[in-house]
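A structural model of the following input is requested.
(4 chains)
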There are 2 protein chains.
Amino acid sequence: MSPRRVTLADVAKAAGVSRTTASLVLSGRGRELRISQDVEQRVLRTAEELQYRPNIVSRGLRTGTTRTIGFVSDTVATSRLAGDMIKGALEAARDRGFMLIIGETEGDAELERLLLQAMHDRQVDGLILASMFTRTIKVPKAVTTAPAVLLNALPKQPAPLPAILPDEVEAGRRAARVLLDAGHRDGIYLIGVGPRLRDVPAESLAAVERLVGIRAALGEAGVKVAGARTCPDWQPEYGLSATRDLLRTVRPRALICFNDRIAMGAYQALDDFGLKVPADVSIVSFDDHPIASWMRPQLTTVALPHYELGRKAVDVLFGEIGRDRSAGDGAGEVHRVPMPVRHRESVAPSSGADAGG
Amino acid sequence: MSPRRVTLADVAKAAGVSRTTASLVLSGRGRELRISQDVEQRVLRTAEELQYRPNIVSRGLRTGTTRTIGFVSDTVATSRLAGDMIKGALEAARDRGFMLIIGETEGDAELERLLLQAMHDRQVDGLILASMFTRTIKVPKAVTTAPAVLLNALPKQPAPLPAILPDEVEAGRRAARVLLDAGHRDGIYLIGVGPRLRDVPAESLAAVERLVGIRAALGEAGVKVAGARTCPDWQPEYGLSATRDLLRTVRPRALICFNDRIAMGAYQALDDFGLKVPADVSIVSFDDHPIASWMRPQLTTVALPHYELGRKAVDVLFGEIGRDRSAGDGAGEVHRVPMPVRHRESVAPSSGADAGG
DNA sequence: ATCGGGCGCTAACACGATTTAGCAACGGAG
DNA sequence: CTCCGTTGCTAAATCGTGTTAGCGCCCGAT
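The predicted structure is shown next:
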């Protein structure tokens, strides 16, 4: 049925040279090893005519490199995060002629072991260990077999692995600054965590870092958080109940919601109380989930740079592949990717005192 | 640094047999080829002790099979669809010891060519060509090199490729039946397409099939669609404007929205007009997008079975890999995956006449 | 005439598995 | 004693590429 693949031997034969010569020419080492212009041209032309493509499997056997990297995540299905992150990784890899083998562990250590084994069996040139929400993970022993980076995660025990993470602290500062720039100084409440640094979900790095950034930026402006409501889980229903709870006692001027799903619940609660966004209450949030631009008014939010995270992971991984890892310098480096603000419609200038200083 | 991989030769040497014998035993052909119990046990035990794992790259060179399948989609980032589809494919593949190499074309034919080439270079055992929204696609010539299936797509020109699609016609029937079962017979409007069969977006298979199903089920119950509003794109903003437009002239009792994003817009429009879901207007929709369960009231919708689609694609692909493709029987078969109804809160019994027959 | 050396290319091995062909030993039949 | 068939294993080829070592030729120098 399908015609047999054309191989290096075919090209060599057709060009009237040895396999060695053909190989040298096609790997670009012809000049270096004194192959004549004449022969070089003939081989190149023949390869072109026959549409020769080197067999990567064979090359992999010989050289040990398969031009393939493994992307292992806890789950690829939850949230849209995975998609953009994979897309970024995919494109960065493609730029270098690499492909991605993907797998998901669902948080199961045994599954993870099998998966890493399967990737090792296929001789991947590097590994990306990704988490779908920012957190610390236990690095499996098996990853020492190939260069590896952590994506959206930090190692639980200190490990010589680079990590790529969104810059959540700066994101917190930016969210706060959006409100400050609009003149808000009073009645700023948090929905999701806080107000104290210990009032955050245990596993979530993002929560504590965002909070740190928010408090820093507000503090520098001499502004204090008026109050906060925590959410057991960052889902719309809890954003709704937390905001309702808040509205029973106070009238906030601005809310910083710790993610967009919470903000969605907050919108519903405000609507219940007859309050308008942003006229009565300004809202700024985090993540830039797709719903953020579907909500009315459209939500101003600090975006998780999923695509850039994926790209960066691949870039760092290639640095790692090239590096002599026994040297160990700069091994556990943490790379922070900036989170951009998406200015939309949910923030209005403070109607109160424009009292600047 | 990392200790060299243990190879078949190592096992053979340690067990005091030839590589051939070790290979035969480990591939389970020992009995068949008269290897003694004694030797067989020794080899198995040695392999176990040394933690031998066959190198798939090497095996791939010899046998031509890499236990890897290629998943090519137009895009993996848009919508959550990709995630669950890939997840389903991933798990079905893993059940058979296969891994997925993924790539995306972004609708670019040249990119697609390069991608298929790259997968061919890596000797994938099969290909899944996936589309992120149901449509007809031009099947690239290159796919004839390996067994392939279409996922969420039909071939534009007749091609001997199996296709896996959601059962949209039946989904349309189910959506209609949800309303009929609740007693609705009058004031049923469509948002997104229709009312005529030609009032649908050109590229979208789902639109026309859903409409066919809706009309069939309603027709069988002797019910007619009261009216419809089309949307240029199935996004919340168009759902909003279409529904507003509708509400300016009539008071519907029920809406069938052609997807959840449109339904989100419809919710907003109904809210603007002071109408309550489901007390005043029942709504049923399609897709089961994550937002469907975040909306208030939660949206009743007919779900796209992404996970099952992914699984099914892999199952069919393995059938294809096993089959003698030169036979050509059952080549272009179309597999339909049922779309389940997610009963939630947006449909209420018709407050009008309970007049059944 | 002989030797050394640069030039241009190739023979041969290696990678790690699978698979074909066949070898050595043994026992029984003639 | 010879021949043949069976048993139990192994040598060697193979897949397609990369890489090392080296071969033959020609030219110039001695």
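
does the spatially most central residue of chain A count as helix, strand or coil?
Central residue of chain A (Cα atoms, centre = their mean): A:Leu309, 3.2 Å from the mean position. Here A:Leu309 is helix, with the state taken from DSSP: H, G, I helix; E, B strand; the rest coil.

Run through the residues that contact it.
Applying Cβ atoms under 8 Å, 6 or more residues apart in numbering or on different chains to A:Leu309 gives the contacts A:Met85, A:Gly88, A:Leu151, A:Asn152, A:Ile164, A:Leu165, A:Pro166, A:Val337. Backbone N, C-alpha and C define where each C-beta goes, glycine included.

Let me have these in CSV, extended by secondary structure, distance to B:Glu320 and pLDDT.
CSV is the format used below for these (DSSP: H, G, I helix; E, B strand; the rest coil; distance: Cβ to Cβ, whole Å; pLDDT from 0 to 100):
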residue, secondary structure, distance to B:Glu320, pLDDT
A:Met85, helix, 31, 89
A:Gly88, helix, 32, 93
A:Leu151, strand, 34, 94
A:Asn152, strand, 36, 92
A:Ile164, strand, 38, 96
A:Leu165, strand, 42, 95
A:Pro166, strand, 41, 96
A:Val337, strand, 41, 97
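
Need the max-distance pair from these.
A:Gly88 and A:Leu165 (14.1 Å; Cβ to Cβ).

quick one: A:Arg67 from DNA strand D, how far?
11 Å (Cβ to the nearest atom of the strand, to the nearest Å).

ok, that residue - how many residues close by?
18 (other Cβ atoms under 10 Å in any protein chain shown).

what's near enough to touch the residue nearest to it when sequence neighbours are not counted?
Excluding the flanking residues, the one nearest A:Arg67 by Cβ to Cβ, 6 or more residues apart in numbering or on different chains is A:Phe98, at 5.1 Å. By Cβ under 8 Å, 6+ apart, the contact set of A:Phe98 is A:Arg67, A:Thr68, A:Ile69, A:Asp125, A:Val314.

same check, this time on A:Leu61
A:Leu61 neighbours (Cβ under 8 Å, 6+ apart): B:Asn55, B:Val57, B:Ser58, B:Leu61.

rerun that using 6 Å as the cut-off
Applying Cβ atoms under 6 Å, 6 or more residues apart in numbering or on different chains to A:Leu61 gives the contacts B:Val57, B:Ser58, B:Leu61.

Would you format those residues as a markdown table with pLDDT included?
Formatted as a markdown table, the contacts of A:Leu61 follow (pLDDT from 0 to 100):
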| residue | pLDDT |
| --- | --- |
| B:Val57 | 96 |
| B:Ser58 | 96 |
| B:Leu61 | 94 |
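
Now, those residues that are in helices?
B:Val57, B:Ser58, B:Leu61 (DSSP state H).

Now narrow these to whatever sits close to DNA strand C.
The overlap between the ones in helices among the contacts of A:Leu61 and the neighbours of DNA strand C (Cβ under 7 Å from any atom of the strand) comes to B:Ser58, B:Leu61.

Closest one of the ones in helices among the contacts of A:Leu61 to A:Ser241?
Closest to A:Ser241, out of all of the ones in helices among the contacts of A:Leu61 and judged by Cβ to Cβ, is B:Val57, at 54.1 Å.

surely the closest one meets A:Gly60?
Yes - between B:Val57 and A:Gly60 there is a contact under Cβ atoms under 6 Å: 4.6 Å.
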